[in-house]
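**Student:** Below: sequence and its predicted model.
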Amino acid sequence: MILAVATKSERNIDQHRRAEIGAEKRSRTHAELLGTALELFGRPHGRNTRIEDVCARARISRGTFYNYFDSLEQLLEALSDALTRDFDSAVHQAFASLGGPAERTCAAMRYYLHAPLADPRWGWAIVNSSVGAMLYGDNITRRVQESIQEGIDSGEFTIASADVGRDILLGTGISATVTLLGGGAPQDYPEQVARHLLLALGASTQCANTVTAKPMSELPQLATDSSFFRGVLGGPTHLSGSKARSGRRPAAGGSQQVNPKRKVASRR
């Protein structure tokens, strides 16, 4: 009787462990698929990637792919979330030291436009994962609209609709990102874009000039610690799967910005 009880207990432990191993394997494969998607979509022509390409690079069958994602669009949604989740949290942490909606909108645009220069792979993945969908994903789209509405309510923005403002900001963001990744844009291009965005939203010229000229603080390390971002944004960066690398780059908007053309060319 004692032996039978022990055997049953061991069997329960084995089943529990097998379930744990299965969950760990599934989580690992899911992460590997996102990493593969980042490699493939993080290229200038990455938008042409097909499910077959993902399967071939990840060395899995098409059936295995569908165990994790119902479609390529669902994979892209997951990739977009992975690309922006930690980065956007860091941007919003930086907002704590900023003023009203105009200053925060300006800072967000500048942070997001300097990021592709630090990591072109991240930039191309952002662009290519947004084809046919909202740039940066639904959560960030909602936050953008709320911020613009706050600016309208406070009188900082005079644009008639937060919907229109949202589309202007997101369209500007993706177009400017492509321009920066193409190389040749002036060093202060993110600042130029941010300034004219504020003017388009109805901010006064004085407000646009003032907030765009402000030095920007370093993003919290949450941004650069993300395994989906390998650039250096003013502080140490920990590279996924390798030893930590540290370095310092002038904060976005600083007086010693990296030349976008040279930066992009060196990272391709």
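**Tutor:** Noted; the coordinates are in hand.

**Student:** So, low pLDDT: which residues of the stretch 51-200 of the chain?
**Tutor:** 131-136 (pLDDT under 70).

**Student:** Show me the helices in it, by range?
**Tutor:** 51-58, 62-66, 72-94, 101-118, 120-129, 138-154, 162-182, 189-200 (DSSP state H, counting those that start in this stretch).

**Student:** quick one: contacts for the residue nearest the centre of the chain?
**Tutor:** Nearest to the mean C-alpha position of the chain, counting by CA atoms, centre = their mean, stands Thr84 at 2.9 Å. For Thr84, the contact set (CB atoms under 8 Å, 6 or more residues apart in numbering) comprises Ile126, Tyr136, Gly137, Asn139, Ile140. In short, each C-beta sits where N, CA and C put it, glycine included.

**Student:** Skipping adjacent residues, who's closest to Arg62 in space?
**Tutor:** Cys55 (5.4 Å; CB to CB, 6 or more residues apart in numbering).

**Student:** Compare the helices of the stretch 51-200 of the chain and report which one is nearest to Ser27.
**Tutor:** Comparing those by their distance to Ser27 (CB to CB), the top pick is helix 72-94, with 12.9 Å.

**Student:** Run the angle between that closest one and helix 120-129 for me.
**Tutor:** If you take axes from the mean of the first three to the mean of the last three CA atoms, to 10 degrees, helix 72-94 sits at 130 degrees to helix 120-129.

**Student:** Domain ranges for the chain, per the record?
**Tutor:** Under automatic domain parsing, the residue ranges defining each domain of the chain are 15-73, 84-267.

**Student:** Just say which of these is most tucked in.
**Tutor:** Most buried of the domains of the chain by mean neighbour count (mean count of other CB atoms under 10 Å) is domain 84-267; its value is a mean of 18.

**Student:** How far off centre is that domain?
**Tutor:** Centre-to-centre, domain 84-267 and its host chain are 10 Å apart (CA atoms, centre = their mean, to the nearest Å).

**Student:** Next: stretch 35-42.
**Tutor:** The answer for stretch 35-42 is 13 Å, by CA atoms, centre = their mean.

**Student:** For that stretch, which outside residues touch it?
**Tutor:** Counting by CB under 8 Å, 6+ apart, 46-47, 49, 53-54, 57-58, 75-76, 78-79, 82-83, 120-122, 124-125, 128-129, 228 sit against stretch 35-42.

**Student:** hmm, 6 Å instead?
**Tutor:** 46, 49, 53-54, 57-58, 75, 79, 121, 124-125, 128-129 (CB atoms under 6 Å, 6 or more residues apart in numbering).

**Student:** Not counting sequence-adjacent ones, nearest residue to Asp118?
**Tutor:** Quick fix: residue 118 reads Ala, not Asp. Gly231 (2.7 Å).

**Student:** Now do the same for that neighbour: helix, strand or coil?
**Tutor:** coil (DSSP: H, G, I helix; E, B strand; the rest coil).

**Student:** before we move on, the earlier item: how far away is the residue nearest to the centre of the chain from Thr205?
**Tutor:** In this view, Thr84 and Thr205 are 31 Å apart by CB to CB, to the nearest Å.

**Student:** if I read this right, the residue nearest to Ala118 contacts Leu117, doesn't it?
**Tutor:** No. Using CB atoms under 6 Å as the test, Gly231 is too far from Leu117 to be in contact (7.7 Å).

**Student:** what would the helices of the stretch 51-200 of the chain look like in a markdown table with distance to Leu40?
**Tutor:** Shown next, in a markdown table, are the helices of the stretch 51-200 of the chain (distance: least, CB to CB, whole Å):
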| stretch | distance to Leu40 |
| --- | --- |
| helix 51-58 | 6 |
| helix 62-66 | 13 |
| helix 72-94 | 10 |
| helix 101-118 | 17 |
| helix 120-129 | 9 |
| helix 138-154 | 22 |
| helix 162-182 | 16 |
| helix 189-200 | 27 |
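
**Student:** Out of those helices, flag the one nearest Arg18.
**Tutor:** Using CB to CB, those put helix 62-66 closest to Arg18, at 19.1 Å.

**Student:** can you list contacts of the closest one?
**Tutor:** Helix 62-66 has contacts (CB under 6 Å, 6+ apart) with Cys55.

**Student:** I appreciate the help and will end here.
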